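Asker: Below are the sequence and a predicted model; questions follow.
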Amino acid sequence: MITKIIDEEKIQQAKKEILNHNNIVIVTHVSPDGDALGASLGLYQFLNILEKNVTVIVPNAYPDFLKWMSGSKDILVYQDKKAQADEAITRAELIFALDFNTLNRIGDMATVVADAKARTVLIDHHLDPGGFADVVISYPKMSSTSEMIFRLICRMGYFTDMTKECAECIYVGMMTDTGAFSYNSNSSEIYSIISELIRKGIDKDEIYRRVYNNYSADRFRLMGYILSEKMKIYPECGTALLTLSSAELKRYNFRKGDTEGFVNIPLSIKGIIFSVFIKEDTDKVKISLRSQGNFPTNEFSAKVFGGGGHLNASGGESYVSLEETVKKFESALPEYKDLLVRELDENKE
Ligand code: 5GP
Ligand code: MN
């Protein structure tokens with residue numbers, strides 16, 4: 001059974017905004033992942049059915065393995081089409097902000113979105129939604145923003161209008177934000193929703209293959225390298241660290257998406273409950289954090305890197321060198337040792 005989790009008042013507010021406006025822009029976070037794109041393109045397909053004039057704008061590039069998604073070719077990448085995107089945002093009557101909580105998560109687009117005259121509806125599942133939107137639909141317990149889009153469409157009374165393409169996008173987001181239903185996925189309602197999506201004609205096995213069996217050989221060579229040469233284990237803290245410099249990424253012909261999921265791998269090691277991946281980018285150092293059980297990676301990330309996210313999956317950025325960032329991590333880790341040891345003991349039981 002699918003229960004009414006989202007407040008009826010919020011559903012009606014969102015519906016009113018949609019029905020009252022024609023020019024709509026959908027924005028999502030930097031380095032858009034499966035959920036960011038699934039929610040954005042799912043909503044895009046739906047608004048197209050209502051014959052709205054919709055533009056999906058993402059801050060920067062996204063992985064090739066998500067480019068098959070319906071509507072992907074219509075996406076404006078802000079970094080490449082700034083003038084066109086700025087114009088769409090300025091002209092918009094309504095902006096949907098999907099899968100992020102605060103405007104700094106949309107990078108360079110933040111100013112123009114903040115200054116836009118449009119009404120704004122935020123739909124998200126991260127903690128602590130910022131106060132920038134007129135309508136805030138925030139449910140941190142929800143496993144993906146895409147699931148929220150499904151619920152919104154149904155509750156507004158449009159389930160029968162949902163197309164297979166829309167259902168596919170929603171499924172991608174639900175699947176990728178739960179590691180193909182391997183974490184954050186114990187709610188029985190997820191499977192009721194999947195059942196409805198299958199009724200819409202999606203081929204879930206095919207979607208799995210398109211997303212997860214579509215990588216380059218370079219990715220696997222890089223994976224072999226990072227696991228054999230660059231993985232550091234801190235056994236007393238049940239922690240693993242992976243690092244990659246720009247030079248190493250270049251050596252393996254890195255393309256966006258090639259390191260997707262690397263941070264999860266050490267969690268498959270017995271006794272590892274906290275995994276951190278630090279990767280050198282062109283203008284910053286990016287940190288990804290994952291945990292099993294109750295260790296709050298988002299608190300760690302907020303305290304050490306000024307980042308945030310969910311309990312078991314979070315991220316942050318650093319503007320000092322890769323080496324300095326690793327030092328920061330290593331000097332913070334002992335402070336969390338007691339908590340990690342407690343978690344490790346509980347995991348053993
Ligand atoms: P990923 O490791 O896949 O890049 O990010 C995992 C989660 O961490 C994202 O869904 C997002 O919630 C959060 N996150 C990633 N990077 C940042 C960041 O720089 N700042 C904040 N506040 N959250 C982040
Ligand atoms: Mn998400």
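Answerer: Done, it's in. Ligands and ions are numbered 1, 2, ... in the order given.

Asker: residues from the stretch 51-200 of the chain in reach of ligand 2?
Answerer: Remark: the part of the stretch 51-200 of the chain in contact with ligand 2 comprises 99, 145, 177, using CB under 5 Å from the ion. C-betas here are computed from N, CA, C, even on glycine.

Asker: Now, those that are in helices?
Answerer: Mapping these onto helices (DSSP state H) picks out Thr145.

Asker: which residues sit in contact with the closest residue to ligand 2 within the stretch 1-150 of the chain?
Answerer: As assessed by CB to the ion, ligand 2 sits closest to Asp35 within the stretch 1-150 of the chain, at 3.4 Å. For Asp35, the contacting residues are 99, 144-146, 172-174, 176-177, by CB atoms under 8 Å, 6 or more residues apart in numbering.

Asker: Of the residues of the stretch 51-200 of the chain next to ligand 2, which is the most crowded?
Answerer: Neighbour counts for those (other CB atoms under 10 Å) peak at Thr145, which has 30 neighbours.

Asker: Could you double-check that that residue sits in contact with Gly173?
Answerer: Yes. Applying CB atoms under 8 Å as the test, Thr145 and Gly173 come out as touching, 6.4 Å apart.

Asker: what residues are shared contacts of the two?
Answerer: With CB under 8 Å, 6+ apart, Thr145 and Gly173 have common neighbours 35-36, 38-39.

Asker: picking up where we left off before, would the residue of the stretch 1-150 of the chain closest to ligand 2 count as being in a strand?
Answerer: No. Under DSSP: H, G, I helix; E, B strand; the rest coil, Asp35 falls outside any strand and is assigned helix.

Asker: Pass me the low-pLDDT residue ranges in the stretch 1-150 of the chain, would you?
Answerer: Nowhere does the stretch 1-150 of the chain drop to pLDDT under 70.

Asker: Which residue ranges of it form helices?
Answerer: 8-20, 34-49, 82-91, 110-115, 145-155 (DSSP state H, counting those that start in this stretch).

Asker: Now do the buried residues in the fourth one.
Answerer: For helix 110-115, a neighbour-count test (16 or more other CB atoms under 10 Å) marks 110, 112-113 as buried.

Asker: Would stretch 184-198 count as contacting ligand 1?
Answerer: No. Against ligand 1, stretch 184-198 shows no contacts by CB under 6 Å from any ligand atom, the least distance being 11.1 Å.

Asker: which residues are in contact with that stretch?
Answerer: Stretch 184-198 has contacts (CB under 8 Å, 6+ apart) with 1-3, 5, 143, 147, 150-151, 159, 167-168, 170-171, 174, 177-178, 181, 204, 310, 312.
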